[in-house]
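1. Pasting the sequence and the predicted coordinates here, then a few questions.
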Amino acid sequence: MGLRLRPVDTSFYDLFTQSAQHLVGGAELLAEMLSDSSDKAGVAERMRAAEHAADETTHEIVKKVNSTFVTPFDREDIYALGSGLDDVMDMMDEAVDLILLYEVQVTLPAELSEQVEVLQRCAELTAAAMPRLQSMQSLDDYWIEINRLENAGDRNHRRTLAKLFSGEYPTLEVLKLKDIVESLEGAIDAFERVANTVEQIAVKEG
Amino acid sequence: MGLRLRPVDTSFYDLFTQSAQHLVGGAELLAEMLSDSSDKAGVAERMRAAEHAADETTHEIVKKVNSTFVTPFDREDIYALGSGLDDVMDMMDEAVDLILLYEVQVTLPAELSEQVEVLQRCAELTAAAMPRLQSMQSLDDYWIEINRLENAGDRNHRRTLAKLFSGEYPTLEVLKLKDIVESLEGAIDAFERVANTVEQIAVKEG
Amino acid sequence: MGLRLRPVDTSFYDLFTQSAQHLVGGAELLAEMLSDSSDKAGVAERMRAAEHAADETTHEIVKKVNSTFVTPFDREDIYALGSGLDDVMDMMDEAVDLILLYEVQVTLPAELSEQVEVLQRCAELTAAAMPRLQSMQSLDDYWIEINRLENAGDRNHRRTLAKLFSGEYPTLEVLKLKDIVESLEGAIDAFERVANTVEQIAVKEG
């Protein structure tokens, strides 16, 4: 434990990056949750811890907005970006929770793993984009790619629904699986909203 | 009927307080709706009247924004707060309506009453917080407590879903109950959005 | 193919009008999709093309915001209006897609056609209102009527749900139909959000 001479000034960019890195971790836990051999209760426990850590970062962002005189961009936008990143974590946490809670009695359709891969890619792209907010450089690539991924996720989502409704699953299992796939879709949508917020910030500040 | 010498200036704070007090009434009607002995059609009728009264207040807020030169905080924020409060009422009205409409054939799970208690507490806290917008004092307590209640509501919500999916209810009844519990959850979320709006206003104006 | 001497300056009003006209086309395709005799795969294909065309217009709006120094109203509001109109198209596209994808095994309830009529009326009113953003004249009529239609749609929506839950349909078909009617309701709600955005712009600029 060293001696800290003065408070470290963690900049907004660092906090947004930290927040997005929590999402990379969350998406990994989601992938682990889908594996047949995983200890579901254990993964859900770690997800809960990850979600709390993400909450902490969000609160630091809000506190920093409150106590900073000159912010790098509009306070409302900082707030929107912080809470947008937090929304993604909440949706991923919900998906993990439902998988544990619902005790699905059938094999999870392979399409769920595809959606989680989309989420992992979105999380990596978002974590890589956050430091670039400082220079506002190369952000177009990020939001275009997120939009493309969201479209792919949407098509996959509808295909999954069609499969659930094909008659091959008991109706109660359809209901459970539908909730789970919708929380995955919700997480992908939440990534798109973050990208839209970044785009709006760039429009204003660019 | 007295002589009114000059128009009464109902301030924005009064209107927001009025709007939140409609929510206290709405949450009470929702509690009444869940009781076994209630006249469901009659309660739904009174809820409709309460929802109309709330709409009136919302329109007064919008009209006042339109006709006021200097507003106590940004017009958009007044608008967001007014419509946020209105959203809560719409969700509570939806819950009441669905309970009447769906003719659920099973006993409502006890978890529904717990959610309505959360809603009643949120409504009281919100009504108590609105007059404090004038001084911007002690608003932290309000939104921290709303966020805590929303978290508790969320956990209760997921527990309810797990119970619905346990296999003890006919699938069609599961579908009905799921819609009803989701409208309750939606009302709690709407209270959280109101608290977030208040937090954002405090960030800007504080 | 004529000679174009200088770039045509398509104003924001023209682009919003164009965007809303895509919605008129989309609502017509939705009506066609519900007819018993329609070639469902063909209509869905044309809907996809319409949705792409609408996306193009949305991107033109965003590009124009980026490259214009003086905008007729706040950049954020232009962005909100553009993406709000785009949301309607996405919801209508989803409805068409689900009707194709789910292969509903029962006759679609007549209430669905009523909702599509509401959507067609909303689309026409919105397309007629967009050019009036320039003068900010007679916009009240537009948003009051959209709100009235949304209320009517909401009542019809709940009646439809009650019918779906009456026990006359197999549960799996109830699930499919519920998703379809919810996407219609979602499109009507999205029209209301557009009207609310217009109202907010008028509040600010009026």
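-> Cool, got the structure.

2. pLDDT of whichever strand or helix holds A:Ala44, averaged?
-> A:Ala44 is located in helix A:40-67, with elements delineated by DSSP states H and E. For helix A:40-67, mean pLDDT rounds to 93.

3. right, is the very next helix or strand once past that helix up against chain C?
-> For helix A:40-67, the succeeding helix or strand toward the C-terminus, using DSSP H and E, is helix A:75-102. No - Helix A:75-102 is not in contact with chain C by Cβ under 8 Å from any Cβ of the partner chain; minimum separation 9.0 Å. No exception for glycine: its C-beta is placed from N, CA and C like everyone else's.

4. Quick check: buried residues in helix A:75-102?
-> Across helix A:75-102, burial judged by 16 or more other Cβ atoms under 10 Å in any protein chain shown covers A:76-102.

5. tell me, which of those make contact with chain B?
-> A:76, A:79, A:83, A:94, A:97-98, A:101-102.

6. Go through those and say which is closest to chain C.
-> Nearest to chain C among those: A:Glu76, at 9.0 Å, using Cβ to the nearest Cβ.

7. Kindly report the residues of chain A close to chain C.
-> By Cβ under 8 Å from any Cβ, the residues of chain A that approach chain C are A:158-159, A:161-162, A:165, A:167, A:171, A:174-175, A:178, A:196, A:199-200, A:203-204, A:206.

8. Please determine how far the residue nearest to A:Asp97 when sequence neighbours are not counted is located from C:Val181.
-> In this structure, A:Asp97 finds its nearest non-sequential neighbour in B:Arg158, 5.9 Å apart by Cβ to Cβ, 6 or more residues apart in numbering or on different chains. As defined by Cβ to Cβ, to the nearest Å, B:Arg158 lies at a distance of 26 Å from C:Val181.

9. what does A:Arg159 give?
-> Computed with Cβ to Cβ, the distance linking A:Arg159 and C:Val181 is 21 Å.

10. what do you get for A:Leu23?
-> 34 Å.

11. In terms of neighbours, single out the busier of the two.
-> Between A:Leu23 and C:Val181, counting by other Cβ atoms under 10 Å in any protein chain shown, A:Leu23 is the more crowded of the two (27 against 23).

12. For stretch A:137-149, give the mean pLDDT please.
-> On average, the pLDDT along stretch A:137-149 is 93.

13. I meant stretch A:90-106, not that one.
-> Stretch A:90-106 comes out at a mean pLDDT of 93.

14. How about the contacts made by the closest residue in space to A:Ala44 that isn't next to it in sequence?
-> Nearest residue to A:Ala44, sequence neighbours excluded (Cβ to Cβ, 6+ apart): A:Leu100, at 4.5 Å. Residues near A:Leu100 by Cβ atoms under 8 Å, 6 or more residues apart in numbering or on different chains: A:33, A:40-41, A:44.

15. Tell me which helix or strand the closest residue to A:Ile99 other than its chain neighbours sits in.
-> Nearest non-adjacent residue to A:Ile99, counting by Cβ to Cβ, 6+ apart: A:Met33, 5.4 Å away. Taking DSSP H and E as the criterion, A:Met33 maps to helix A:12-34.

16. And that helix, how far out from the chain middle?
-> Centroid separation between helix A:12-34 and its chain, computed with Cα atoms, centre = their mean, to the nearest Å, is 7 Å.

17. okay, the angle between it and helix A:40-67?
-> Helix A:12-34 and helix A:40-67 meet at an angle of 170 degrees, taking axes from the mean of the first three to the mean of the last three Cα atoms, to 10 degrees as the criterion.

18. so what does helix A:12-34 touch, helix or strand wise?
-> helix A:40-67, helix A:75-102, helix A:111-129 (3 or more Cβ pairs under 8 Å, 6 or more residues apart in numbering or on different chains; DSSP states H and E).

19. What is the three-state secondary structure of A:Thr107?
-> Here A:Thr107 is recorded as coil under DSSP: H, G, I helix; E, B strand; the rest coil.

20. Could you count how many residues lie near it?
-> So A:Thr107, with other Cβ under 10 Å, has 8 neighbours.

21. try A:Thr71
-> 12.

22. residues contacting it?
-> A:12, A:65, A:78.
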